[in-house]
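# show me the folded form of this:
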Amino acid sequence: MRTSAKKDDPFLSGFNRMINEEESICQQQQQNQCTFNKQLIIELQELVKNYEQLFHKTQLNTDKEILSKIYELIISINNIPMIKEQIDAIKIYQYFLLTSNERDIDIQNAS
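Next comes the predicted model:
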């Protein structure tokens, strides 16, 4: 169940996507130009580690106090400007994908 939950966890997959994007940016840039990207990678990896630890604790203990700590962590993560920018960019990209595949159908001429 734990492995399945990790694969389906939108927060964890979002964190991993941001880490992969930042690593990709660092690979494309010169070493001295990706200082902030490396720092963001370190911070994201730390958040993933903390998130996984809290997630594991909730699997062992269903105490509501632990759940409230996870919600607080999620809220605090969303308030970090760099993370907020990344999440907003992902939302815009998802919206773009959704709307680019939409088609208007003229119901009167469809028959």
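
# going by C-alpha atoms from here, please, whenever you check contacts or count neighbours.
Noted.

# residue ranges with poor pLDDT in this protein?
Low-confidence segments of the chain (pLDDT under 70): 1-7, 61-64, 109-111.

# top helix in it by residue count?
In the chain, assigned by DSSP state H, the helix with the most residues is helix 35-60.

# angle of the next helix or strand after it against helix 35-60?
Of the helices and strands lying after helix 35-60 in sequence (DSSP states H and E), the nearest is helix 64-78. Interaxial angle, helix 64-78 versus helix 35-60 (axes from the mean of the first three to the mean of the last three C-alpha atoms, to 10 degrees): 160 degrees.

# so what touches helix 64-78?
Tyr51, Leu54, Phe55, Lys57, Thr58, Ile83, Lys84 (C-alpha atoms under 8 Å, 6 or more residues apart in numbering).

# repeat that for stretch 29-46.
For stretch 29-46, using C-alpha under 8 Å, 6+ apart, the contacting residues are Phe15, Met18, Ile19, Glu22, Glu23, Ile25, Cys26, Met82.

# now do the second one against Asn78, distance only.
The gap separating Met18 from Asn78 is 13 Å, by C-alpha to C-alpha, to the nearest Å.

# which one of those two is surrounded by more residues?
Shown here are Met18 and Asn78; by other C-alpha atoms under 10 Å, Met18 has more neighbours (20 against 15).

# element containing the residue positioned nearest the centre of the chain, please.
Closest to where the C-alpha atoms of the chain average out (C-alpha atoms, centre = their mean) is Gly14, at 2.1 Å. Element membership for Gly14 (DSSP H and E) is helix 10-28.

# okay then, goodbye and thanks.
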